[in-house]
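> whatever this is, show me its structure:
(chains A and B)
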Protein chains: 2
Amino acid sequence: MRAANSILFQKLSNKTAKFIKSLRVKKYRQQANAFVVEGVKNVQLLLSSRYTVQMVIGTPAFLDTHRIAMQPDLAVFQTDETTLAALGTFTTNKAVLAVANIPHTHTLLPPPGDTWGLVLDNIRDPGNLGAIVRMADWYNIPTLICSPSTVDLYNPKVLHASMGSFTHVKVYYTPLPAFLSTTSLPILGTFTSGDNIHCTPLPFPGLIIIGNESRGISPAVLPYVQQQIRIPRYGQAASLNAAMATAIVCDHWRRQQQQGFGSLPRL
Amino acid sequence: MRAANSILFQKLSNKTAKFIKSLRVKKYRQQANAFVVEGVKNVQLLLSSRYTVQMVIGTPAFLDTHRIAMQPDLAVFQTDETTLAALGTFTTNKAVLAVANIPHTHTLLPPPGDTWGLVLDNIRDPGNLGAIVRMADWYNIPTLICSPSTVDLYNPKVLHASMGSFTHVKVYYTPLPAFLSTTSLPILGTFTSGDNIHCTPLPFPGLIIIGNESRGISPAVLPYVQQQIRIPRYGQAASLNAAMATAIVCDHWRRQQQQGFGSLPRL
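So this is what the prediction gives:
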């Protein structure tokens, strides 16, 4: 066999396949500074984002019907459905996956002073973080500041649940007390007691802290909370799912910002 | 070996273990009219509910520290952590599981006329349905009317995500057009277009239809929608997670019902 010259779609080597599979594990993602994105919608949003994409691996059916905007140093590989499904985490993905670089800003401290958004204190469930990223994108909340213990944004399940919104929302991982001590914005925290969000002005812009799924806001972060807020309860459940609670709070935050607190709704 | 007399905690037979494992599958749950509940909190709520419990299987550590309110015909088995974890779906459950009867009301048509609550049109993700059940319990929404295509309430992942709230919320499975044609209440449907829920009175009591995660409300159900409502979008995400969207709508439904639409919030 001799190499054909100027073929667009390279053949996937075993070494590259092994590298892609290794990126399921956070440690190897960090070592390689790279992550995998699966599925048509996620990959399309990735390719039109500011992420640097290393490679795209697609089936003939996908590559025949989708134009891939070429970036310098982007490798495009063609493979069959079975191989593709085995490379990623989701066996339902039978079209395309891509490998992109983790941006160096990922582990930097967010700009101090006026960074507003949500502060995630030890959110552990990948589905919850993914849904929160998607919801932040819906409400145009630009920043999530996560404790280092929060599940990794580049976990395949997080990316999947984010439905591509990870390309629109800035997600930082940094020790929360250090960050919270630098901000000049009001800091709110969500609790099962505190001011009812239906009857309380939510300062905008500001920071709203969301606690861990079972333990809530951690002792090290508690001293930074200036106002405790809660979602009113009408029935018997002890709590709400963390991602759902976050969505309800953000909806009120935006509604009040737009309509003004206490004013009549605009019809 | 001889049988000890009058032991409270029976030994688990292979036949019973096999029966319990079979209940992971919907077909076998329906044949046996029984389902499995896992974990301390879920089992405790089950035992204090109106469900008829057939058996409880616990570790010595659990059975030593928890009093189980005896019901007639309730069998209690003792087993080790490894066996227990292998019986259920969640390997993290190392304390207790229970088997209970599926109530016969489960497949009946809800009472016509004034049954209010949420109508779930083909919700497929078990985590979404479980979170919706939990949220309905939080907001004291008494009834979920589900299309037969909606994921089964007694799916282990649904029960797990419901955090015990399946014992508080009535969940019916019935063809939606037949049910919707019997109601005398207003029928709303959630869409990505329609009346902004921040600026629209949401009639209470009523029925709010939630559509499938990717396809929305089905063509057969559409003609019954009297008012289309939407959650306002501020950013770029194409949609919200279905369970999250449901929670946001229900929060406004209850808020308006309590505060009155267009009135000033009570401080």
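
> so who does the closest residue to chain B within the stretch 51-200 of chain A touch?
Nearest to chain B in the stretch 51-200 of chain A, going by C-beta to the nearest C-beta, is A:Asn140, at a distance of 3.4 Å. For every residue, glycine as well, the C-beta is placed using N, CA and C. Contacts for A:Asn140 (C-beta atoms under 8 Å, 6 or more residues apart in numbering or on different chains) come out as A:254, B:234-236.

> go on, A:Arg29?
A:23, A:35, A:102, A:152, A:154.

> mind picking the lowest-pLDDT entry from the residues you listed?
Model confidence across the contacts of A:Arg29 bottoms out at A:Ile102, which has 94.

> that one reaches A:Asn33, doesn't it?
Yes. The criterion here is C-beta atoms under 8 Å, and A:Ile102 meets it with A:Asn33 at 4.9 Å.

> so between the two, which is more surrounded?
Neighbour count, other C-beta atoms under 10 Å in any protein chain shown: between A:Ile102 and A:Asn33, A:Ile102 has more, with 18 against 12.

> and that one, how far is that from A:Phe35?
6 Å (C-beta to C-beta, to the nearest Å).

> need the residues touching each of these two.
Shared contacts of A:Ile102 and A:Phe35, counting by C-beta under 8 Å, 6+ apart, come down to A:29, A:154.

> mind checking pLDDT for the closest residue to A:Pro205 other than its chain neighbours?
Nearest residue to A:Pro205, sequence neighbours excluded (C-beta to C-beta, 6 or more residues apart in numbering or on different chains): A:Trp116, at 3.5 Å. Looking at A:Trp116, its pLDDT is 96.

> packing partners for whichever strand in chain A runs longest?
For chain A, the longest strand by residue count, based on DSSP state E, is strand A:187-196. Applying 3 or more C-beta pairs under 8 Å, 6 or more residues apart in numbering or on different chains; DSSP states H and E, we find strand A:187-196 packed against strand A:207-210, strand A:227-230, helix A:242-259.

> show me the one of the ones you listed that comes nearest chain B.
helix A:242-259 (4.3 Å).

> now that closest one: buried residues?
A:242-256 (16 or more other C-beta atoms under 10 Å in any protein chain shown).

> do the same with stretch A:230-241
Those would be A:230-231, A:233-235, A:237, A:239-241, for stretch A:230-241 by 16+ other C-beta under 10 Å.

> now check that stretch, is it near chain B?
Yes. Using C-beta under 8 Å from any C-beta of the partner chain, we find that stretch A:230-241 touches chain B at A:231-241.

> phi, psi of A:Val171?
phi -120, psi 120 (degrees, to the nearest 10).

> what is the burial count for it?
Neighbours of A:Val171 (other C-beta under 10 Å): 25.

> please tell me how far it sits from B:Gly206.
For A:Val171, the distance to B:Gly206 equals 38 Å [C-beta to C-beta].

> cool, A:Pro72 as well?
56 Å.

> residues in contact with the residue nearest to A:Pro205?
Here A:Trp116 is in contact with A:141-143, A:185, A:204-207 (C-beta under 8 Å, 6+ apart).

> tell me the buried residues within the residues you listed.
Here, 16+ other C-beta under 10 Å leaves A:141, A:143, A:185, A:206-207 buried among the contacts of A:Trp116.

> mind putting those into CSV with pLDDT?
As requested, the buried ones among the contacts of A:Trp116 are arranged in CSV below (pLDDT from 0 to 100):
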residue, pLDDT
A:Ile141, 97
A:Thr143, 95
A:Leu185, 95
A:Gly206, 97
A:Leu207, 98
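
> and the residue of the stretch 151-267 of chain A closest to chain B?
For the stretch 151-267 of chain A, C-beta to the nearest C-beta, closest residue to chain B: A:Gly235, 3.3 Å.

> enumerate the residues of the stretch 151-267 of chain A near chain B.
A:161, A:163, A:165, A:168, A:198-199, A:231-241, A:243-245, A:247-248, A:251-252, A:254-255, A:258-259, A:261-262, A:264-267.

> so how far is stretch A:123-141 off the chain centroid?
In terms of C-alpha atoms, centre = their mean, to the nearest Å, the centre of stretch A:123-141 is set 6 Å apart from its chain centre.

> actually, stretch A:78-96.
How far stretch A:78-96 lies from its chain's middle: 22 Å, per C-alpha atoms, centre = their mean.

> residues contacting it, please?
A:9-12, A:17, A:20-21, A:24, A:36, A:38-40, A:43, A:56-63, A:66, A:97, A:156-157, A:160.

> show me what contacts A:Ile248?
A:197, A:231, A:240, B:247-248, B:251.

> repeat the analysis, applying 6 Å as the threshold.
A:231, B:247-248, B:251 (C-beta atoms under 6 Å, 6 or more residues apart in numbering or on different chains).

> do A:Ser165 as well
A:Ser165 makes contact with A:133-134, A:137, B:237 under the criterion C-beta under 6 Å, 6+ apart.

> ok, and the most crowded of the residues you listed?
A:Val133 (29 neighbours).

> spatially nearest residue to it, not counting backbone neighbours?
Ranked by C-beta to C-beta, 6+ apart and with sequence neighbours excluded, the top spatial neighbour of A:Val133 is A:Ser162, at 4.1 Å.

> number of residues surrounding that neighbour?
Count around A:Ser162 with other C-beta under 10 Å applied: 28.

> which stretches in chain A count as strands?
Going by DSSP E, chain A shows strands at A:9-11, A:34-38, A:53-58, A:75-78, A:96-101, A:117-120, A:143-146, A:170-173, A:187-196, A:207-210, A:227-230.
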